[in-house]
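> dropping a prediction and its sequence here:
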Amino acid sequence: MKYSPATIKEICGFIENGLNKKDAARLAGISESTFYEWWNTKPELSESVTLAAIEYKRKLVTMVTYQAAQNGRLAL
């Protein structure tokens, strides 16, 4: 697979849903080694993936906070 904005978007979508970098890369059709080659040479990829991981964490915190407010228990 070729490096493209669509590939970055696909990888980030997987990461925003909780997958790790290795699994996200494989599901996007690239090897782990290709992912890390791009990671080290394409700053926009590392920035986008980092933001996607932060977004995933934000979703988790929102879910736990909501569930705790609803019934006093954590949603874990």
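Alright, I've got the coordinates.
> which SSE is the residue most central in space within the chain in?
Nearest to the geometric centre of the chain sits residue 15, at 1.7 Å (C-alpha atoms, centre = their mean). For residue 15, the element it lies in under DSSP states H and E is helix 5-16.
> buried stuff in that helix?
7, 8, 10, 11, 12, 14, 15, 16 (16 or more other C-beta atoms under 10 Å). Using the backbone N, CA and C atoms, a C-beta is placed for each residue, glycine as well.
> any chance of TSV for the residues you listed, columns distance to residue 1 and pLDDT?
TSV is the format used below for the buried residues of helix 5-16 (distance: C-beta to C-beta, whole Å; pLDDT from 0 to 100):
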residue	distance to residue 1	pLDDT
7	6	96
8	11	97
10	9	97
11	10	98
12	15	98
14	14	98
15	17	98
16	19	98
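> same for the longest helix along the chain, what does it pack against?
The helix spanning the most residues in the chain, taking DSSP state H as the definition, is helix 43-71. When contacts are defined as 3 or more C-beta pairs under 8 Å, 6 or more residues apart in numbering; DSSP states H and E, helix 43-71 sits against helix 5-16, helix 32-41.
> show me the contacts for the residue lying closest to residue 10 once chain neighbours are set aside.
Of all residues beyond its chain neighbours, the one nearest residue 10 is residue 28 (4.6 Å), with distances taken as C-beta to C-beta, 6 or more residues apart in numbering. By C-beta atoms under 8 Å, 6 or more residues apart in numbering, residue 28 lies in contact with 1, 7, 10, 11, 14.
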